[in-house]
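**Q** here is my input, please return the structure:
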Amino acid sequence: MKTLKTMADEELVVLYAEGENAAFDVLLGRHKNSIFSYIYFIIRNKDLAEDIFQETFVKAIMTIKQGRYTETGKFKAWITRIAHNLIIDHFRQERNENTLSNDEVDVDLFNNSKLCDKTIEDHIIHHQVLADVKKLVQYLPESQREVLVMRYYQDLSFKEIADITGVSINTALGRMRYAILNMRKLIAENQMELSLT
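**A** Predicted coordinates for the structure are as follows:
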């Protein structure tokens, strides 16, 4: 007879749904590092990443217990998608909280040309920064350049990047991390100033 640790994710999900709580402990142990790393890589705040991590697994528990889990053979992708959606929800909520209503201020912020229009110098600086970044990207190793372009220029998710490039999400995340570190190193070595402000 198989022990819990040798069972596939899907077998553990079925056991947990049937009331075997230890099965979920094995699932959690198996995937906690990669899920937390994924969340932290995007959030960059340990406390907030821990909150979203806990919320991810609570949502997974509730879905399984309610008999709504249908992702046969794809537990890791499913739990990563839950984390991804919670991250998006967090950023949406944060953006909404920071939205300023024009009704709440005496000065009309949205029709003030001094506050809204960019000068020609701003446009020139903006285009120069973008051109400099494109040049730097060319110096990255191909695998890092590929992930960076897909993420920032094609707006693909890390799951989509992983599927397209045939690597794991962790590998795609790792390549992105090294791409950013290498870009920072190139900026420092060339004493470049990349600022749009």
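
**Q** what's the domain layout of this structure?
**A** Listed domain ranges for the chain are 4-97, 120-189 (source: automatic domain parsing).

**Q** where among those domains is average confidence lowest?
**A** When the domains of the chain are compared by mean pLDDT, domain 120-189 comes last with a mean of 82.

**Q** run the chain-centre distance for that domain.
**A** Taking Cα atoms, centre = their mean, to the nearest Å, one finds the center of domain 120-189 at 14 Å from the center of the full chain.

**Q** by contact count, what packs against the host helix or strand of Ala60?
**A** Taking DSSP states H and E as the definition, Ala60 sits inside helix 46-65. On a contact count with 3 or more Cβ pairs under 8 Å, 6 or more residues apart in numbering; DSSP states H and E, helix 46-65 meets helix 9-17, helix 21-43, helix 75-97. Every C-beta, even on glycine, is put in place using the N, C-alpha and C of the backbone.

**Q** how about those helices, which one is nearest Gly174?
**A** In terms of Cβ to Cβ, the element of the helices and strands packed on helix 46-65 nearest to Gly174 is helix 21-43, at 9.1 Å.

**Q** now the angle from the closest one to helix 46-65?
**A** 140 degrees (axes from the mean of the first three to the mean of the last three Cα atoms, to 10 degrees).

**Q** list the buried ones in helix 21-43?
**A** Buried residues in helix 21-43, defined by neighbour count with 16 or more other Cβ atoms under 10 Å: 23-24, 26-27, 31, 34-40, 42-43.
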